[in-house]
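[1] sequence first, predicted model second:
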Amino acid sequence: MFRKVLVANRGEIAVRVMRACRELGIATVAVYSDVDRTSLHVRYADEACPIGPAPSIESYLNIDRLLGAAKRSGAEAIHPGYGFLAENPAFARACRETGIVFIGPPVEAMELMGSKTASRQAVTAAGLPVVPGTDRNLEAFEEVARVAKEIGYPVMLKASAGGGGKGLRLVQAPEGLESAYRTARAEAQNAFGDPSVYIEKYLERPRHVEIQILGDHQGNLIYLGERECSLQRRHQKVMEESPSPLVDDALRRRMGETAVRIGKLAGYANAGTVEFLIDRKRDFYFLEMNTRLQVEHPVTELVVGIDLVKEQLRIAAGEPLRWRQEDVEMRGAAIECRIYAEDPANDFFPCPGLIRRLQAPRGPGIRSDSGVYEGWTVPLEYDPLLAKLVVWGSDRTEAIARLRRALAEYEVFGIQTTIPFFRRVVEHPEFLAGEIDTSFIDRALAEGILCGDKASPEEERVALLATALDAARDRPAGSFPVPRESMWKAAGRDALLNRWPRRT
Amino acid sequence: MFRKVLVANRGEIAVRVMRACRELGIATVAVYSDVDRTSLHVRYADEACPIGPAPSIESYLNIDRLLGAAKRSGAEAIHPGYGFLAENPAFARACRETGIVFIGPPVEAMELMGSKTASRQAVTAAGLPVVPGTDRNLEAFEEVARVAKEIGYPVMLKASAGGGGKGLRLVQAPEGLESAYRTARAEAQNAFGDPSVYIEKYLERPRHVEIQILGDHQGNLIYLGERECSLQRRHQKVMEESPSPLVDDALRRRMGETAVRIGKLAGYANAGTVEFLIDRKRDFYFLEMNTRLQVEHPVTELVVGIDLVKEQLRIAAGEPLRWRQEDVEMRGAAIECRIYAEDPANDFFPCPGLIRRLQAPRGPGIRSDSGVYEGWTVPLEYDPLLAKLVVWGSDRTEAIARLRRALAEYEVFGIQTTIPFFRRVVEHPEFLAGEIDTSFIDRALAEGILCGDKASPEEERVALLATALDAARDRPAGSFPVPRESMWKAAGRDALLNRWPRRT
Amino acid sequence: MRLTLTVRRGSENREHHLELRPPRGATEKGGLARYTLDSESGEIDWAEVAPGVYSIIVEGRSYEAQVVASSPTPAPGDASRVVTVGTHDFQVTVHDPRRRRGGVRAAGVDGPQDIVAPMPGKIVKVLVSPHQQVAAGAGLLVIEAMKMQNELHATRPGRVEAVYVEEGSGVEAGARLIRLG
Amino acid sequence: MRLTLTVRRGSENREHHLELRPPRGATEKGGLARYTLDSESGEIDWAEVAPGVYSIIVEGRSYEAQVVASSPTPAPGDASRVVTVGTHDFQVTVHDPRRRRGGVRAAGVDGPQDIVAPMPGKIVKVLVSPHQQVAAGAGLLVIEAMKMQNELHATRPGRVEAVYVEEGSGVEAGARLIRLG
């Protein structure tokens, strides 16, 4: 096993990876940009190495600086987390050439499966079901129009180099195609430096279900059940669960075996995720593969009882898989909420700033993966994911009950977060029934049905009383404590003069 | 199901019970003594009812006040937690007579199994193995001497009404018997108002292993695996795990079936624990039964995936068990550490006071059940249990690795706790090998081998640097922040005058 | 202590009169207090359990209220707070009768409106110019933070009276960006 | 800033000289600083991440140190702190050279010894009387807290010079109980 690992990331995922390292007795090296000196991952690590200014391109995306930090610190391997360079074959290749182990799949598998069009080609060639569309980039509009007509509207235009909802356009009818084509290309060029787009059939209210796979360098490859990721806001996952309410044992086995076949044809090793769409007839189609650890990996960990990050480290160190397919058993249900620094009352605007108070939920069935702490200022330069709340229950009903309880306990003050939004989602009948699809959240938001319930008059009374108590202090509103003179003395003097109903 | 439940307890167990209630949609009523107004259980509850001054006898042990609070608040049931009135048949009976459901076993089962001697009689009569000794109170010293000779030294004298290590005397040889008899009776009289003692064979280095049972009022009774509770300090459990490293499937089944038989003969319902001693030949003997939820119940919850408190509530509400014996499966391993406000560097003296900083561990496999919060002052009137740290791993090795990691993350400042003590225990080779018995901790403490490792010179340097940084502030040592003048300015002036090695 | 308070929930403003009287010997961290809220009287048992966090027991019910300034950088004399009770937020403004200068009236006024930055960030694009007439919902400018671009919209029709920022400049949360007449 | 520090680990006392020099423009919350500890020099990158909690990076290693007063109720002028680095505790006393009055010497002195209460509690039993000679390890008194009775023992032989408390009285942590000559 490695003695020292550098984590080329920040935030909750860097801390999560370091926790796995610490449990395996591996020393950890954090890297940090100038604005991240006090970030939790820097505090948590055994060693810390500055790698440049705030903009990612000069720090977390700078391959030379990361490799330099690894060499200086003597790290034998690099864990990329997710995002940043996690799916960048040039980085994986540079690691290999420097003699540092990249904790992820072989470069070739990453290259093949990282390309949306190449992976579609490979999967189609293997005779496996793929969401209908093209498996190559389309350059001329005429070709786009022809293909769209062939597969039938509605269609989705997608950036070939894409991800995160950028360069994505839904087209309902031929009239909208040309302008969507132009804006998607422009957006893709802006976001990824590559205007290529391809086209896919848009499935009506599809479910987004993905299979976690895990393979070693000895050729063993297993699947670890599925994750339901249909709860998305603007094509970005916000809440995930395992198992999927839609998937039964038979469908799970078929999807799992398909995912393993896809992994095998790519020569895949380490942890990866095969994403599928499932249509109304419960037919599933390959969508794309993520050649890294996912944000939502904890829900799988909770139901299968396997620590995916530790397995990644073991696999990268050359150890064979410790689990055979028949050893993998799912128990209970797990749900994750992504706690973002965004204001749900204000169209999910990002909300960096000082976390003045932070109380994460506790007790049975709660897992809290966090990259922040009370008193820390969330910088505005990076992704707004603060923490992940993950719950486990013996079935979906218990998991939801626990999630409600946990969301009620969760206190973050100083900045706005998506916690209030999740409190509404977990009350929604369609969510409770498991009838979720990728358009559910956007529809519910548009219809205003996630806007929250009314406070009671008793709660309003308490709000007024608390304000008065707070106003009795000689200090700025809502500020941290400073030495104060007692306003109570003045209030006491007042009391002597005022008539007040006597207590009976 | 109940609409409202009163929790007749305080601290972590009151909060834990309320969490279960909240997940089931049941409103909760807290009770509190004068010094507990700001306790976490009062803050957590939906309703809160003062029940008297600090001494337990006038508050948490006062049956009339508790029932009064239940009636005033309209609670339909009372959960007693553990300790206080949890095993008091008079309380259970008074609840029944007031028309309030006592969440626990029937009064008759509690009476039978709550008496150490009566339960020994009943279990012996059923032909089940009991730790050799008397099954009735011994009044005359002559009788004690005769029985001791019969069963053979060493013997243990125990208070019949006992618990918590009081009225307990180990006697190695006949010479020590008379003085031990006198002091045990005196201590029992002092502690329980009843001088009765009985006698038991003292097993050499026994393992303390207990079986969790769960029964409904329809006559169904199951066992939920075992807990290893051999890690004790002065006969008090400090660390528990499940499964026991000693117990294999065959032994588990035999002990489990024995526990169920004992439960059946007592007409037991709700959650209970049957305690056994296991000797060097792996033979097991009935020790006693605890007719309530145990402190260490979370380790069972983590391995079997069943929420015991919720099941208690369902059973008390008349619902049949939702699990058959064959549904119960153990997965992985769980370990609990009891975090006490005691100073391990000072002979475990209790250490109440202000919790100035509190950071509980997070991340995968960690469960934190706590009754305290940062900024709260631990009162000196009650039990020093602050919180329980519970970890789960896919096997014992992973659970221990996680526990080490969690203990390293755990920060409690302002008061001393047992956290540093546990950090040593989890490094001890005998613990790692699972070779623990009830005398392990006391032996290890006596031998000074749990005293901690040496700090490195680098850590000492950091301690000195941090002290200097702290001293640079214009405020009392280690105090919370107050507005300060910058000492850095003065330091800056100094710097201009001082020679300092130039950075090269 | 007598206060006039305005509570806003959504677009609704309600004014309340509150008198709070702790018994002699009350501490600064908690105790009993009698209150009269509008026409109703009662008693609370309160404790400040953390800075700005109040545990309040009233009529046997246990509540927790967290009080924070309504802006991360409150202007001097801004007595507006966001109070969270359970899972609900209330915006409450305090009008000390001794200092009152028609404060309540201001809340309802329909004069010029300042569009402020909802977060710290960088101005990516200004979509309007001074004197321009805009419809409700029209895009005003684009601000970037945390790797996302966000368009600010007019909540009502109006005329752009001033643009306070330039493209490419950084702004703090609460900074004035545009004035709509 | 130049300081003389005494660090105690177990029964061992060690004295150190430390000079710390932040660059001009350093803030109060963190930055770089050069140090000379005894004969060795170096640079640290430090940040106060919570009250009394310092993140310190030195030679590429990331440490966290928590500094608290060594007594919950420090006497005025008591400059002794308990510093926790990782899982290790250090007791460090600061001697400001400008105020120094032979402070270091006091640490080694073997004069009369005050037995203080290790915790708040109630005195259940006083086991010795003034003028009594006691052996090392002898029980002095029994104090009760958190439902447990705890006996305090003499750490060395001596003569009881004074008993400051009575049976049944309550005491705070750090309160003087008995003086051993």
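    Right, received. Where do you want to start? Everything numeric in this text was worked out from a predicted model, so none of it was measured.
[2] so is the helix or strand hosting residue A:424 next to chain B?
    Counting by DSSP states H and E, the element that carries residue A:424 is helix A:419-425. No - with C-beta under 8 Å from any C-beta of the partner chain as the criterion, chain B is not reached by helix A:419-425; the gap is at least 13.6 Å. Quick note: C-beta positions are derived from backbone N, CA and C, even for glycine.
[3] for that helix, name the packing helices and strands.
    strand A:333-340, helix A:396-409 (3 or more C-beta pairs under 8 Å, 6 or more residues apart in numbering or on different chains; DSSP states H and E).
[4] dump the ones you listed into JSON lines; add mean pLDDT and distance to residue A:217 as well.
    JSON lines is the format used below for these (pLDDT from 0 to 100; distance: least, C-beta to C-beta, whole Å):
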{"stretch": "strand A:333-340", "mean pLDDT": "98", "distance to residue A:217": "29"}
{"stretch": "helix A:396-409", "mean pLDDT": "98", "distance to residue A:217": "35"}
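[5] check contacts around residue 118.
    By default, I'm working from chain A. A:111-112, A:135 (C-beta atoms under 8 Å, 6 or more residues apart in numbering or on different chains).
[6] nope, chain C please
    A:343, A:346, A:349, A:351, C:143, C:150, C:152, C:173.
[7] hang on, the earlier thing: mind giving me JSON lines with the contacts of residue A:118 and columns for distance to residue C:94, pLDDT and neighbour count?
    What follows is these, written out as JSON lines (distance: C-beta to C-beta, whole Å; pLDDT from 0 to 100; neighbours: other C-beta atoms under 10 Å in any protein chain shown):
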{"residue": "A:111", "distance to residue C:94": "62", "pLDDT": "94", "neighbour count": "19"}
{"residue": "A:112", "distance to residue C:94": "63", "pLDDT": "94", "neighbour count": "21"}
{"residue": "A:135", "distance to residue C:94": "64", "pLDDT": "81", "neighbour count": "17"}
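[8] just the ones in helices from these, please.
    A:111-112 (DSSP state H).
[9] show me what residue of chain C gets nearest to chain D.
    residue C:51 (11.6 Å; C-beta to the nearest C-beta).
[10] how far away is that residue from residue C:66?
    10 Å (C-beta to C-beta, to the nearest Å).
[11] again, but for residue C:111
    Taken as C-beta to C-beta, the span from residue C:111 to residue C:66 is 32 Å.
[12] more crowded one of these two?
    Using other C-beta atoms under 10 Å in any protein chain shown as the criterion, residue C:111 and residue C:66 rank with residue C:66 on top: 24 against 6.
[13] the nearest residue to that one once chain neighbours are set aside bridge partners, please.
    Computed as C-beta to C-beta, 6 or more residues apart in numbering or on different chains, the closest residue to residue C:66 that is not its neighbour in sequence is residue C:84, at 4.5 Å. Judged by DSSP bridges, the bridge partners of residue C:84 are residue C:66, residue C:89.
[14] residue A:416 is in contact with residue C:84, correct?
    No - using C-beta atoms under 8 Å, residue C:84 and residue A:416 do not qualify as a contacting pair, with a distance of 11.4 Å.
[15] give me the next element, helix or strand, following the helix holding residue A:424.
    Following helix A:419-425 in sequence order, the next helix or strand is helix A:429-432 (DSSP H and E).
[16] any idea how far the residue of the stretch 301-450 of chain A found nearest chain B is from residue B:320?
    In the stretch 301-450 of chain A, the residue that lies nearest chain B is residue A:401 (4.2 Å; C-beta to the nearest C-beta). Per C-beta to C-beta, residue A:401 is found 20 Å from residue B:320.
[17] the more surrounded of the two?
    residue A:401 (22 against 11).
[18] isn't that one right next to residue B:23, touching?
    Yes - using C-beta under 8 Å, residue A:401 makes contact with residue B:23 at a distance of 4.2 Å.
[19] circling back to that earlier point, of residue C:84 and residue A:416, who's got more company?
    Ranked by neighbour count (other C-beta under 10 Å), residue C:84 and residue A:416 place residue A:416 first, with 24 against 20.
[20] part of a strand, is that one?
    No - if the criterion is DSSP: H, G, I helix; E, B strand; the rest coil, then residue A:416 is coil and not within a strand.
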